[in-house]
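Colleague: Requesting a structural model of the entry that follows:
(one chain, ligands or ions: 1)
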Amino acid sequence: MIRFESDELKNLDTASLQLLVPLHGVLMGKEIVDNWERVEQFQARPDDVLISTYPKAGTTWMSEIVDMIFCDGDPEKCRRETIYNRVPYLEFRIPGEPSGVEQLEATPSPRLVKTHLPIKLMPDSFWGKNCKVIYVARNAKDVAVSYFFFHKMVKALPDPGPWDKFLDDYIKGDVGYGSWYDHVIGWWEKRNDYRILYLFYEDMKEDPKREIRKILHFLEKEMREEVIDKIVHHTSFQEMKNNDMVNYKTIPNELMDQSTTSFMRKGIAGDWKNHFTVSQNEIFDEDYKKKMSGTNLHFRMEI
Ligand SMILES: Nc1ncnc2c1ncn2[C@@H]1O[C@H](COP(=O)(O)OS(=O)(=O)O)[C@@H](OP(=O)(O)O)[C@H]1O
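Modeller: This next block holds a predicted model:
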């Protein structure tokens, strides 16, 4: 279990964690890259369920929904542990704590696994074992804003600088996990080759019950109406914001400083309109049109 209590971690200079290095052309945290062999050779199990997203697209939300399903809709069972111990983060690595791979190796089946890896970096074992994957995609502009605030909060990420600079880096894919475009398109193109359920954050906001039904169908599970309603309630933004087992408040301030902005920040579709200037939006839209021109993948920028 990750407790963020080790002496090694307490004495760590967080600046050493902020370095991004390319891995097969994708910028990633150096700690992840240093541990890459273990990730690449990870042994999936056939009943693993993988939750995959580009950062800030709704991973924690989906993780809580799927764990609620696995716990037959019992919120008390979900409160047994923090989300990062219930749904280990495959490529996670921080000195002094078990890595995501180590955590997963010690987790009994059926396991829920979190990843932000682009599909081209996925360990082969997930495909060999025909694992089910739930992918959540969120519109590029809201992800940019959420990722910017996340960089300000998380001391293991590089200082994002001012918003204008961060947006520029993000458009170019010069951020951790690389280009949003490569990520959402890469997973979209393979959605019919493997058992992938491709969902959208905006659809979940619009009608969470409808999307939870899709998840239940995909996981071949049935639930009574009132249990589904309970899951919708327990995984609403307000409930999750106040739930210390999912809002990351258990992480020490030195690693994640939530004093100015919270992990559960706004939880809406369309917040980008409060942050993009008219000119930033024009530049973004022009670049977006080019990069998305070859795909039939469509996003709603607001609902
Ligand atoms: N229940 C619920 N409903 C709606 N929105 C929610 C919910 N839970 C988390 N969130 C919002 O998701 C954003 C965090 O994304 P991730 O969980 O993918 O972050 S991470 O990449 O795993 O760090 C972050 O988005 P922003 O508020 O826009 O920053 C969270 O607020």
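Colleague: list the contacts for residue 73?
Modeller: Going by C-beta atoms under 8 Å, 6 or more residues apart in numbering, residue 73 touches 223, 227, 228, 230, 231. Yep, even glycine has a C-beta here, placed from its N, CA and C like the rest.
Colleague: just the residues you listed now: which is nearest the ligand?
Modeller: Of all the contacts of residue 73, residue 231 has the smallest distance to the ligand: 11.2 Å, by C-beta to the nearest ligand atom.
Colleague: Could you check the pLDDT of that closest one?
Modeller: Residue 231 is assigned a predicted lDDT (pLDDT) of 98.
Colleague: hang on, the earlier thing: any chance of the contacts of residue 73 in TSV, with distance to residue 265, secondary structure and neighbour count too?
Modeller: Below are the contacts of residue 73 laid out as TSV (distance: C-beta to C-beta, whole Å; DSSP: H, G, I helix; E, B strand; the rest coil; neighbours: other C-beta atoms under 10 Å):
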residue	distance to residue 265	secondary structure	neighbour count
223	30	coil	17
227	29	helix	16
228	27	helix	19
230	25	helix	17
231	22	helix	26
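Colleague: Now stretch 78-89: buried residues?
Modeller: Buried residues in stretch 78-89, counted by 16 or more other C-beta atoms under 10 Å: 78, 82, 83, 84, 85, 86, 87, 88, 89.
Colleague: that older thread, identify the farthest-apart pair in the contacts of residue 73.
Modeller: 223 and 230 (9.2 Å; C-beta to C-beta).
Colleague: State the distance from the nearest residue to residue 106 once chain neighbours are set aside to residue 182.
Modeller: Closest residue in space to residue 106, ignoring its immediate chain neighbours: residue 98 at 7.5 Å, by C-beta to C-beta, 6 or more residues apart in numbering. Per C-beta to C-beta, to the nearest Å, residue 98 is found 30 Å from residue 182.
Colleague: what's the nearest residue to residue 155 if we skip its chain neighbours?
Modeller: Once flanking residues are discounted, residue 155 sits nearest to residue 14: 4.1 Å by C-beta to C-beta, 6+ apart.
Colleague: try residue 270
Modeller: Nearest residue to residue 270, sequence neighbours excluded (C-beta to C-beta, 6+ apart): residue 302, at 3.4 Å.
Colleague: Now that neighbour. Its backbone dihedrals?
Modeller: Backbone torsions for residue 302, taken as degrees, to the nearest 10, come to phi -160, psi 170.
Colleague: can you list the residues of this structure near the ligand?
Modeller: Residues of the chain lying close to the ligand by C-beta under 6 Å from any ligand atom are 53, 55-61, 142, 146, 149-150, 235-237, 240, 264-267, 271.
Colleague: What residues does the spatially most central residue of the chain make contact with?
Modeller: Geometric centre of the chain, nearest residue: residue 59, 3.6 Å, by C-alpha atoms, centre = their mean. With contacts defined as C-beta under 8 Å, 6+ apart, residue 59 is in contact with 51, 53, 114, 116, 136.
Colleague: Is it possible to get TSV of these that adds distance to residue 41?
Modeller: Shown next, in TSV, are these (distance: C-beta to C-beta, whole Å):
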residue	distance to residue 41
51	21
53	23
114	18
116	19
136	26
